[in-house]
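1. Need coordinates for the following:
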Amino acid sequence: MKKIWFITGASRGFGALVAARALARGHAVVATARDPGAIVARLGDHADLLPLPLDVTDESAARAAAAAAIDRFGRIDVLFNNAGFGLIGAVEEASADEIERLYRTNVFGLLAVTRAVLPHMRAARSGRVLNVSSIGGYAGAAGFGVYCSTKFAVEGLTEALDAELSPLGIRATAIEPGYFRTDFLDAVSLAVSPEAIADYADTAGRVREAARGLSRNQPGDPRRLAEVLVDFADAPEPPVRLPLGSDTVAAIERRLAGDAAILAEWHAVSASTDFAAA
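-> Numbering: from 1, shown residues only. So this is what the prediction gives:
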């Protein structure tokens, strides 16, 4: 069945690849970005493509974009909240302005677009919300602490959304990519805190250096991810989390083993804080 996709950050990266794949599969795409001209330059002219300007941090613009999608196509079947960027640096190194800017896009922007689209999905009693999280939304890492915190927020919001929306015929999933060969580690998508504190040279500092060498050498194939996501929109019982990439799978396995070890060691202490049984 032909689906109507609404994609943020659609001019490059995962957003552009998913948009192109959806169009190739016969779906329609409402593709949004700050510069809609970049969408047309990337995807070309297409009868089922509606490029729209959208700064996700602008709630009124998000509502206007959702309304334009409904006016053109009559419904929105899949919301792909892809817009976002990264920040590298120790938590202490990040400035208040850097942190606020990151949250405005990665968290508040995602919320603004979701809140704009959901009334239309609720009216239809149908829809999918795909929120781009990260390997860093499941396990924090030195050098990416503030970024990981935004993706932890996306994970919590997505879990709650799925619980709230599933009785209405709408499902939400956090998409958890690992390192994929996109421009995420380039300057266009990754901010770097200008302050570098010497005490963090062996932790966040090492991550700064490693990121330079990893850019464009990541193990994940973004085209395969796009194929998976377009197919995933048809999954009859979608999970609330979808890990993508062998590095994400390995990180989840390490995290689960670590949490199991914590419970085993601290179980008695953890359970001791209840009121005593009568």
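2. Any buried residues in stretch 74-82, and which?
-> Buried positions in stretch 74-82, judged by neighbour count with 16 or more other CB atoms under 10 Å: 76, 77, 78, 79, 80, 81, 82. For glycine as for every other residue, the C-beta is placed from the backbone atoms N, C-alpha and C.
3. Take the residues you listed and keep only those in helices.
-> Per DSSP state H, helices hold no members of the buried residues of stretch 74-82.
4. And these, which is closest to residue 108?
-> Compare each of the buried residues of stretch 74-82 with residue 108 using CB to CB and the shortest gap goes to residue 81, at 11.8 Å.
5. Was I right to think that closest one contacts residue 118?
-> No: contact criterion CB atoms under 8 Å: residue 81 and residue 118 do not qualify, at 11.6 Å.
6. which residues do the two both contact?
-> Shared contacts of residue 81 and residue 118, defined by CB atoms under 8 Å, 6 or more residues apart in numbering, comprise residue 129.
7. Show me the helices in the chain, by range?
-> Using DSSP H, the helices found in the chain span residues 13-24, 36-43, 59-73, 96-103, 110-124, 145-165, 204-214, 222-232, 246-271.
8. Give the burial count for residue 36, as a bare number.
-> Here the number of neighbours of residue 36 (other CB atoms under 10 Å) works out to 17.
9. Over to residue 64?
-> Considering only other CB under 10 Å, residue 64 is surrounded by 15 other residues.
10. again, but for residue 99
-> With other CB under 10 Å as criterion, residue 99 counts 17.
11. do residue 209 as well
-> For residue 209, the count of nearby residues is 11 (other CB under 10 Å).
12. Ok, residue 154 next?
-> Residue 154: 23 neighbours (other CB under 10 Å).
13. what's the spacing between it and residue 93?
-> Distance of residue 154 to residue 93, given as CB to CB, to the nearest Å: 23 Å.
14. By mean pLDDT, show me the worst of the helices of the chain.
-> Note on those: lowest mean pLDDT is at helix 204-214, with a mean of 81.
15. ok, and what's touching it?
-> Residues external to helix 204-214 that are found in contact with it (CB under 8 Å, 6+ apart): 88-90, 93, 141-145, 179, 185, 190, 192, 196.
16. contacting residues for residue 91?
-> 145, 146.
17. how far away is it from residue 204?
-> Applying CB to CB to residue 91 and residue 204 gives a distance of 8 Å.
18. And for residue 135?
-> Applying CB to CB to residue 135 and residue 204 gives a distance of 17 Å.
19. buried stuff in stretch 232-252?
-> Across stretch 232-252, burial judged by 16+ other CB under 10 Å covers 232-233, 238, 240-245, 247-248, 251-252.
20. Farthest-apart pair in these, please.
-> The largest separation in these, counting by CB to CB, is between 233 and 251 at 24.9 Å.
21. sorry, back to before: quickly compare the helices of the chain and say which is most buried.
-> Per-stretch averages of neighbours, counted by mean count of other CB atoms under 10 Å, single out helix 13-24 among those, with a mean of 23.
22. Would you mind confirming that residue 92 is in contact with residue 198?
-> No: at 11.8 Å, residue 92 does not count as touching residue 198 under the criterion of CB under 8 Å.
23. who has more neighbours, those two?
-> Set residue 92 next to residue 198 and count neighbours by other CB under 10 Å: residue 92 wins out with 12 against 7.
24. Now for the more buried one: which residues touch it?
-> Here residue 92 is in contact with 197, 200 (criterion: CB under 8 Å, 6+ apart).
25. if we can go back for a sec, so for residue 30, which of the helices of the chain sits nearest?
-> Closest among the helices of the chain, using CB to CB: helix 59-73, at 4.2 Å.
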